[in-house]
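A.B. asks: Got a predicted structure plus its sequence, pasted below:
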Amino acid sequence: MRIVVNDKDFQPILVRAIDTFWSTKKKQLIASGDTSNRGAVLGGKQMDGFIQLLKEVAIEMGIPSECIITNNNYLPGYFRSSKDWDLLVISPNKKLLAAIELKSQVGSYGNNFNNRTEEAIGSAVDLWTAFREGQFPNQQAPWVGWLMVVGRDNASERSVRNYEPHFKVREEFEGANYLNRYKILCQKLILERHYSSSALLWTNDKKEFGDVSNDISIARFVQSFASYLLGVSDECH
């Protein structure tokens, strides 16, 4: 499924985002001298191409660049003082229109899957509770998105053991590999309304990529983001 907004094809920007992801990851591994992948996991910047994609979509929908925040993106929380998001859209009169978190994982799946899950749920619960408690007054609910890029390799496609010493896990986790576990996570984040939209993209070291499932595709994620911004673009003018 190609990313098309207002008849403009954003697929080339997505391809560049994937290229930036792998190029940055490779540079971070070389710089860290750590072949375990830890250096690249902690290095950040791998998702900058996706931030650029979302920024250009926002501009296409009539959002001025000065309303699109990609640095110093702290929002107040409820359970903690603040959280640094990856991209914000804030109107000139200080209404929070959108907040997006971008994450990735290639390798070290067993060590980091639960961390990513807890981060995704925790960030959403913190933001929505702060919203409920009036931290963002005099405005409608913002659009909140979570986008995940996961490596497609032998480790992520291998069935994962479930630990059930006392109680059985839910049926959908039986035999699920890490790609499927991320799919379940993204679908449930939307189902439980923690996020307005969520997307899961797989990629490999040949720089190939694709959607894990159509209902959480990056095209649907971008279309949801764009449609929302169209409806609130007057807030930025």
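C.D. replies: Right, received. Where do you want to start? Numbers count the residues shown, from 1 in each chain.
A.B. asks: what's the least confident helix or strand in the chain, going by average pLDDT?
C.D. replies: Lowest by mean pLDDT, DSSP states H and E among the helices and strands of the chain is helix 38-43, with a mean of 46.
A.B. asks: Quote the end-to-end distance of stretch 151-162.
C.D. replies: Distance across stretch 151-162, first residue to last, is 21 Å (Cα to Cα, to the nearest Å).
A.B. asks: Would you tell me what the next helix or strand after the least confident helix or strand of the chain is?
C.D. replies: For helix 38-43, the succeeding helix or strand toward the C-terminus, using DSSP states H and E, is helix 48-60.
A.B. asks: For the helix or strand following that following helix, which helices and strands make contact with it?
C.D. replies: Following helix 48-60 in sequence order, the next helix or strand is strand 68-69 (DSSP H and E). Under the contact definition 3 or more Cβ pairs under 8 Å, 6 or more residues apart in numbering; DSSP states H and E, strand 68-69 sits against helix 48-60, strand 87-90. From N, CA and C alone the C-beta is placed, and that goes for glycine too.
A.B. asks: Using the centroid of the chain, identify the residue furthest from it.
C.D. replies: His166 (33.4 Å; Cα atoms, centre = their mean).
A.B. asks: Tell me if I am right that it is in a helix.
C.D. replies: No - counting by DSSP: H, G, I helix; E, B strand; the rest coil, His166 is not found in a helix; it is coil.
A.B. asks: how close does it sit to Arg80?
C.D. replies: Remark: distance between His166 and Arg80 (Cβ to Cβ, to the nearest Å) = 31 Å.
A.B. asks: Leu201 now?
C.D. replies: With distances taken as Cβ to Cβ, Leu201 is found 28 Å from Arg80.
A.B. asks: Which one's more surrounded, these two?
C.D. replies: For Leu201 versus Arg80, neighbours defined as other Cβ atoms under 10 Å are more numerous around Leu201 (24 against 11).
A.B. asks: The strand or helix carrying that one packs against which elements?
C.D. replies: Using DSSP H and E, Leu201 sits in strand 197-203. For strand 197-203, the elements it packs on are helix 11-32, strand 143-151, helix 178-191, strand 209-211, helix 218-232, judged by 3+ Cβ pairs under 8 Å, 6+ apart.
A.B. asks: what number of residues lie near Pro137?
C.D. replies: 8.
A.B. asks: and it, that's in a helix?
C.D. replies: No - under three-state DSSP, Pro137 falls outside any helix and is assigned coil.
A.B. asks: Distance of it relative to Lys94?
C.D. replies: 10 Å.
A.B. asks: Centroid-nearest residue for this protein?
C.D. replies: The chain, centroid-nearest residue using Cα atoms, centre = their mean: Leu147 at 2.0 Å.
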